[in-house]
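In: Would you be able to build a 3D model of this:
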Amino acid sequence: MNARHLKKILDSGKGSRERRRRAHILFLADESRPDGGRSNAEIAEVLEIGTATVERVCKRCVMEGLEAALERKVQANRKKRLLDGDCEARLTMLACSKPRHGSNTATFPRNPSAGGSGPRTPASS
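Out: Below you'll find the model as predicted:
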């Protein structure tokens, strides 16, 4: 491990909080430091994180390298978003808008092609 590189990340205060936390984990685990590396349990206690997190970061450093261990892992099985940005903005606008005149709640108009005949009225419910 490059202790100087990790120390630079920690001292700069730049980058994401997660990147700095991973750098701190690896810095404390570095056995080439004069005081030797700390155990996973000691690192977890000092940083107030779980030992599994320490183990994952250290394992990733060994398996994939220092830079990979510092960066966020790509989520390969991430689900595709159902709404794009425009649809999400429109939905938020509708949800946050005032109800139509004469209605207690904001409703979405029914889609006639989906078997609906328009907005429901109390008599047709």
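In: For the helix or strand residue 19 falls within, list every residue counted as buried.
Out: Assigned by DSSP states H and E, residue 19 belongs to helix 17-29. Neighbour-count burial for helix 17-29, counted by 16 or more other CB atoms under 10 Å, picks out 20, 21, 22, 23, 24, 25, 26, 27, 28, 29. (Each C-beta comes from the backbone N, C-alpha and C, glycine too.)
In: out of these, which one sits closest to residue 94?
Out: residue 21 (39.1 Å; CB to CB).
In: how near is the spatially most central residue of the chain to residue 94?
Out: Central residue of the chain (CA atoms, centre = their mean): residue 72, 9.3 Å from the mean position. The gap separating residue 72 from residue 94 is 33 Å, by CB to CB, to the nearest Å.
In: wait, the residue nearest to the centre of the chain sits on residue 18?
Out: Yes - with contact defined as CB atoms under 8 Å, residue 72 reaches residue 18; the gap is 6.6 Å.
In: Just the mean pLDDT for the one helix or strand residue 52 maps to, thanks.
Out: Assessed by DSSP H and E, residue 52 sits inside helix 51-64. Across helix 51-64, pLDDT averages out at 93.
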